[in-house]
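Visitor: I would like to see how this sequence folds:
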Amino acid sequence: MDSLRDCFPTLESAHARIAELEDQVTLLLKAVRDLQEEVADLRAQLKQNSRNSSRPPSQDPPWSKPSGSSSTAPSGRKPGGQPGHPGKTRVAIEPERATHIERVSPGDCKSCGQVLDPGDLLRKPGWVHTVFEIPALQIEATRYELEACCCPACGGWTKAQLPPGVPRGMAGPNLQALIAYATGKLRVSRRNLRDFLAAMGLEVSLGTLQTILEGMSEALEAPTREVVAHVQASPMIHGDETGYGRNRLGRWWLWAASCLGAVAFRLAAGRGTEQLAELIPLDYGGILHRDRWRPYEHLLEADHQLCHAHLRRAFQGLIDRGGKAERVGKWLLDENTRMFSLWHGFRDGSLDRASLCGAMGPIQMRMRRCLKRIMTDPVADRKARALARDLLRQWDHLWTFVAIKGVEPTNNEAERVLRPAVLWRKGSFGVRSLAGARWVERILTVLGTASKRKIPIIDFLQRASLARLHGLDAPSLITA
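Guide: Below is the predicted model:
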């Protein structure tokens, strides 16, 4: 006690010391909370996978549970088709599609051994067996010998020119189409494609392959512009973007815009509003399916629909953070599950539009109340509060699908059209030049649109190559 009196001889000095200690406690408590949040963030990063974040399934660690796996116990049934499953058999092709037709008659009677003369017997159709084969792999080479003739009048020499439609390079239209298909659709690397052509008897350098692909890129420029214009004029778009590698050109992003009968891609050196406007104009007035990436909000005239599948992963992320965020995440995930159950009922025909709107009202009310409660909770999890703030700010964009016909609550369409591009990126490690960027976006646009419209892609690539060689208008993907 004597030491305390010596340190604080007056009541005022003691109160000052207490106030100083209270300030230190406040700072220490704040530091503890900051450290707790940092630990929670680091733990959440360790738990991130394709089920609770935007990471693709390919980045999930081997020991994690696959995103599509079921929590139910195994059924014990053998893999494959189950009893009662309608079988699929090989269907014989029509006679007009057959290159060759061979009719085979039996030689001996299987009952008595009598030799059967096909000319003296009654016949009836038996069955058809079809065998598919390709000709021997062989490159056809045409040698053009350009002669030079001396004019008898003036003595000048004139060299012949290549006939119209003959490419100045070494590859004809069919070979160009095959190279473009193998690279863009099958994702064959330049070196593997060079080795394949060498096995067929054609020695081609990597530089020559690149020149051929650049020529095909020019041939697909006009069809790509037409597709982009068609997508931009469509009443509904699914938009998304993904990273496409980093190299000496910087970080690139692949933007995708998909509508009912077409899909357009744009490879740009950025992920902002300026790059978005290169594919989807900022005055677009239709319905836009999207995620919560901020640049999409600059499309002020569009009706937006946020992806609830993305939200589901965000709610699972809150659960995996633990603590107070876990309880909030479970509650929101349960409401999300109820919402999808109603939507599936509406899509299957068991609910009409009016019933969907009525049943969705209580879910909207409970979710909004939960989000507001998070915003007013002074000790709420930081990530949960940020998510709640963003969802309340874009609240109306969550429920466009309830009122407008044809709108989906997810943006799965955009993710599906991006998946082949992501696989290509993983094998090619992005692009290294502007010419390479244009090739990627054009071939992806042509492949995706041709697939949606059931257009034979190799035939289209051949016609595009021929049109370029003859100086004609490129074929159309939209009016085909």
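
Visitor: run the chain-centre distance for the helix or strand hosting S341.
Guide: In this assignment (DSSP states H and E), S341 forms part of helix 323-348. Its chain's C-alpha centre and that of helix 323-348 lie 25 Å apart, by CA atoms, centre = their mean, to the nearest Å.

Visitor: mind listing what's buried in that helix?
Guide: Neighbour-count burial for helix 323-348 flags 324-325, 328-329, 331-333, 335-336, 338-339, 342-343, 346 (criterion: 16 or more other CB atoms under 10 Å). For glycine as for every other residue, the C-beta is placed from the backbone atoms N, C-alpha and C.

Visitor: likewise stretch 174-183?
Guide: Result for stretch 174-183 [16+ other CB under 10 Å]: buried residues 175-183.

Visitor: which of those lies closest to R312?
Guide: Of all the buried residues of stretch 174-183, T183 has the smallest distance to R312: 35.9 Å, by CB to CB.

Visitor: which of the three states applies to that closest one?
Guide: Under DSSP: H, G, I helix; E, B strand; the rest coil, the three-state class of T183 is helix.

Visitor: ok, back up a step: could you tell me the angle between the following helix or strand past the helix holding S341 and helix 323-348?
Guide: Sequence order places helix 353-376 as the next helix or strand after helix 323-348, per DSSP H and E. Relative orientation of helix 353-376 and helix 323-348, computed by axes from the mean of the first three to the mean of the last three CA atoms, to 10 degrees: 170 degrees.

Visitor: now for the next helix or strand after helix 353-376, which elements pack on it?
Guide: Using DSSP H and E, the next helix or strand after helix 353-376 towards the C-terminus is helix 382-393. Applying 3 or more CB pairs under 8 Å, 6 or more residues apart in numbering; DSSP states H and E, one finds that helix 382-393 makes contact with helix 11-47, helix 308-321, helix 323-348, helix 353-376.

Visitor: mind exporting the C-alpha coordinates of the second one to PDB?
Guide: Output for helix 308-321, consisting of C-alpha atoms alone and laid out as PDB, is shown next (Å, rounded to 0.1, in the frame of the first residue of the first chain):
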ATOM      1  CA  HIS A 308     -27.600 -17.900 -56.600                       C
ATOM      2  CA  ALA A 309     -25.100 -20.700 -57.200                       C
ATOM      3  CA  HIS A 310     -22.300 -18.300 -56.500                       C
ATOM      4  CA  LEU A 311     -24.200 -17.100 -53.400                       C
ATOM      5  CA  ARG A 312     -24.500 -20.700 -52.300                       C
ATOM      6  CA  ARG A 313     -20.700 -21.100 -52.400                       C
ATOM      7  CA  ALA A 314     -20.400 -17.800 -50.400                       C
ATOM      8  CA  PHE A 315     -22.700 -19.100 -47.700                       C
ATOM      9  CA  GLN A 316     -20.800 -22.300 -47.500                       C
ATOM     10  CA  GLY A 317     -17.600 -20.200 -47.100                       C
ATOM     11  CA  LEU A 318     -19.200 -18.500 -44.100                       C
ATOM     12  CA  ILE A 319     -19.900 -21.900 -42.600                       C
ATOM     13  CA  ASP A 320     -16.300 -23.100 -43.100                       C
ATOM     14  CA  ARG A 321     -15.000 -19.900 -41.300                       C
END
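
Visitor: show me what that helix is packed up against.
Guide: If you count contacts as 3+ CB pairs under 8 Å, 6+ apart, helix 308-321 packs onto helix 11-47, helix 323-348, helix 382-393.

Visitor: the residue sitting nearest the centre point of the chain: what's it in contact with?
Guide: Geometric centre of the chain, nearest residue: L418, 1.3 Å, by CA atoms, centre = their mean. By CB atoms under 8 Å, 6 or more residues apart in numbering, the contact list for L418 reads 240, 242, 254, 256.

Visitor: buried set for the helix or strand it falls within?
Guide: Assigned by DSSP H and E, L418 belongs to helix 412-428. Judged by neighbour count using 16+ other CB under 10 Å, the buried positions of helix 412-428 are 413-415, 417-418, 420-421, 424-425, 428.

Visitor: of all those, which two lie farthest apart?
Guide: Greatest spacing in those, by CB to CB: E413 and S428 (24.3 Å).

Visitor: per the record, what domains does the chain have?
Guide: Domain assignment for the chain by automatic domain parsing gives 218-305+411-470, 308-403.

Visitor: from the ones you listed, which stretch is densest packed?
Guide: Stretch with highest mean neighbour count among the domains of the chain: domain 218-305+411-470 (a mean of 19; mean count of other CB atoms under 10 Å).

Visitor: off-centre distance for it?
Guide: Taking CA atoms, centre = their mean, the mean C-alpha location of domain 218-305+411-470 is offset from the chain mean by 10 Å.

Visitor: out of the helices and strands packed on helix 308-321, nearest to A314?
Guide: Smallest distance to A314 across the helices and strands packed on helix 308-321 (CB to CB): 5.9 Å, for helix 382-393.

Visitor: L311 and G317, how far apart?
Guide: Using CB to CB, to the nearest Å, L311 is found at 10 Å from G317.

Visitor: and K185, by the same measure?
Guide: K185 sits at a distance of 35 Å from G317 (criterion: CB to CB).

Visitor: same thing with A262?
Guide: 34 Å.

Visitor: hmm, back to that, could you give the mean pLDDT of the helix or strand just after the helix holding L418?
Guide: As assigned by DSSP H and E, the chain's next helix or strand after helix 412-428 is helix 434-452. Per-residue pLDDT over helix 434-452 has a mean of 94.

Visitor: which stretches in the stretch 51-200 of the chain count as strands?
Guide: Taking DSSP state E, counting those that start in this stretch, the strands of the stretch 51-200 of the chain run over residues 148-150, 157-159.

Visitor: for the residue nearest to L288 when sequence neighbours are not counted, what are its contacts?
Guide: Excluding its sequence neighbours, the residue lying closest to L288 (CB to CB, 6 or more residues apart in numbering) is A302, at 4.4 Å. Residues near A302 by CB under 8 Å, 6+ apart: 284-288.

Visitor: just these: which are in strands?
Guide: Within these, membership in strands is found for 287-288, as judged by DSSP state E.

Visitor: nearest to L162, of the contacts of A302?
Guide: Set against L162, the nearest of the contacts of A302 by CB to CB is Y284 (46.1 Å).

Visitor: got phi/psi on that closest one?
Guide: phi -60, psi 130 (degrees, to the nearest 10).

Visitor: that one contacts V231, correct?
Guide: No. Assessed by CB atoms under 8 Å, Y284 is found out of contact with V231, at 10.0 Å.

Visitor: anything in contact with each of those two?
Guide: Residues touching both Y284 and V231 (CB under 8 Å, 6+ apart): I237.

Visitor: and the nearest residue in space to R453 that is not next to it in sequence, how far from I478?
Guide: Spatially, and ignoring its direct neighbours in sequence, R453 is nearest to G261 (5.8 Å; CB to CB, 6+ apart). Distance, G261 to I478, by CB to CB: 8 Å.

Visitor: who touches both of the two?
Guide: 230, 449.

Visitor: I figured E335 hits R366, correct?
Guide: Yes. Between E335 and R366 there is a contact at 5.9 Å, judged by CB under 8 Å.

Visitor: out of the domains of the chain, flag the one nearest Q24.
Guide: domain 308-403 (20.8 Å).
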